[in-house]
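> Let's see this in three dimensions:
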Amino acid sequence: MKYALKIILFIFVFFTSSNGVFSLTDYQIKKICKKETRESTCIKDLQLKRSNLQKGSLIEIPVKPFKGN
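Numbering: from 1, shown residues only. Below you'll find the predicted structure:
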């Protein structure tokens, strides 16, 4: 009985998980780049990374620490 439950749960998780990619919108890109010194370069770079991500190629995004209000 335990094995049947584990198999059913595995199949459920396997079929419900999606392989979708959520990319940034133009508004989110502008909001992120607003604090950068070279805003236009930042926007172009993130838009290029977004298009590469949507095409399916791997990208590398540096993680910046979040500073609260």
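
> Just say helix, strand or coil for residue 68.
When the structure is reduced to helix, strand and coil (DSSP: H, G, I helix; E, B strand; the rest coil), residue 68 reads as coil.

> surely residue 42 meets residue 33?
Yes: Residue 42 lies in contact with residue 33 (Cβ atoms under 8 Å); the separation is 3.7 Å. Every C-beta, even on glycine, is put in place using the N, C-alpha and C of the backbone.

> lowest-pLDDT helix or strand in the chain?
Across the helices and strands of the chain, mean confidence by mean pLDDT, DSSP states H and E is lowest for helix 2-16: a mean of 76.

> What residues sit buried inside it?
Across helix 2-16, burial judged by 16 or more other Cβ atoms under 10 Å covers no residue at all.

> The chain should start at 331 in everything you say after this.
Let's use 331 as the start, then, which means that last one is helix 332-346.

> Quick check: what element follows that helix along the chain?
Helices and strands here follow DSSP states H and E; after helix 332-346, the next one along the chain is helix 356-363.

> average pLDDT for that following helix?
If you average the pLDDT over helix 356-363, you get 89.

> Contacts made by it with the rest, please.
Identification of contacts with helix 356-363 by Cβ atoms under 8 Å, 6 or more residues apart in numbering yields 354, 369, 372-373, 376-377, 380.

> Can you tell me which of these is closest to residue 389?
Among these, residue 380 lies closest to residue 389 (Cβ to Cβ), at 8.6 Å.
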